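K.L.:
Structure for this input, please:
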Amino acid sequence: MFSLLQSSLAEEIMKGPRAVAIAHKKPDAEILRKRKGESKTTKERARRKKDSDVPKRPPGAFFIFMEDFRRSFKENHPDNKSVSAVGKAGGQKWKSMSDADKAPYVEKAKSRKADYVRAAEAHKKKLNGSGADEKPEDSGKSTSEVHDEAEEESSS
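P.N.:
You can find the predicted model right below:
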């Protein structure tokens, strides 16, 4: 009996201390539930189809600046094929610019954001149907009072 314990202990020691701890530890029920929940949500995400008509989010001021900077950098350095070099140079230039120099890009970003908001609202209305779900503005009167007034107007 003692030799049997020694041999199993020797095997566990050869596997390493981490293997011993893992072998004796049972998975926690909460951890298993979390794992199952995560896999379920990822499956649900995979099933959902993305709406291709959703408007694309607008770029920020830095990315609008980078559009112009890439063009000028490409003209000045036609032999440079490194994307990271363009990004680093653009980032350094953006950091060195004053707020007054950044102002036109900030304005463009604001106007693109406003266009995006309008497009997103239009897309939402399109998804909800042609606005039929919207409630009419509340006049402070009950529906019976409104119907009574309509009947009075039609009979006059």
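
K.L.:
quick one: residue 93 from residue 81, how far?
P.N.:
20 Å (Cβ to Cβ, to the nearest Å). The way it works is simple: take the backbone N, C-alpha and C, and place the C-beta from them, glycine included.

K.L.:
neighbour-wise, which of those two wins?
P.N.:
Per other Cβ atoms under 10 Å, whichever of residue 93 and residue 81 has more neighbours is residue 93, with 15 against 8.

K.L.:
isn't the more buried one right next to residue 69, touching?
P.N.:
Yes: at 6.6 Å, residue 93 counts as touching residue 69 under the criterion of Cβ atoms under 8 Å.

K.L.:
For the protein, which segments are assigned as helices?
P.N.:
For the chain, the helices defined by DSSP state H cover 2-15, 17-24, 29-47, 61-76, 83-96, 99-127, 143-155.

K.L.:
Counting neighbours, what do you get for residue 55?
P.N.:
By other Cβ under 10 Å, the residues close to residue 55 number 14.

K.L.:
Could you do residue 91 as well?
P.N.:
With neighbours defined by other Cβ under 10 Å, the count for residue 91 comes to 13.

K.L.:
Contacts only, for residue 67.
P.N.:
Residues counted as contacts of residue 67 (Cβ atoms under 8 Å, 6 or more residues apart in numbering) are residue 59.

K.L.:
10 Å - rerun?
P.N.:
By Cβ atoms under 10 Å, 6 or more residues apart in numbering, the contact list for residue 67 reads 59, 90, 105, 108.

K.L.:
swap in residue 75?
P.N.:
Applying Cβ under 10 Å, 6+ apart, no residues contact residue 75.

K.L.:
Can you tell me how far it is from residue 69?
P.N.:
Taking Cβ to Cβ, one finds residue 75 at 11 Å from residue 69.

K.L.:
returning to that earlier point: determine which two of the contacts of residue 67 are furthest apart.
P.N.:
Based on Cβ to Cβ, the longest span within these runs between 90 and 108 and measures 16.0 Å.
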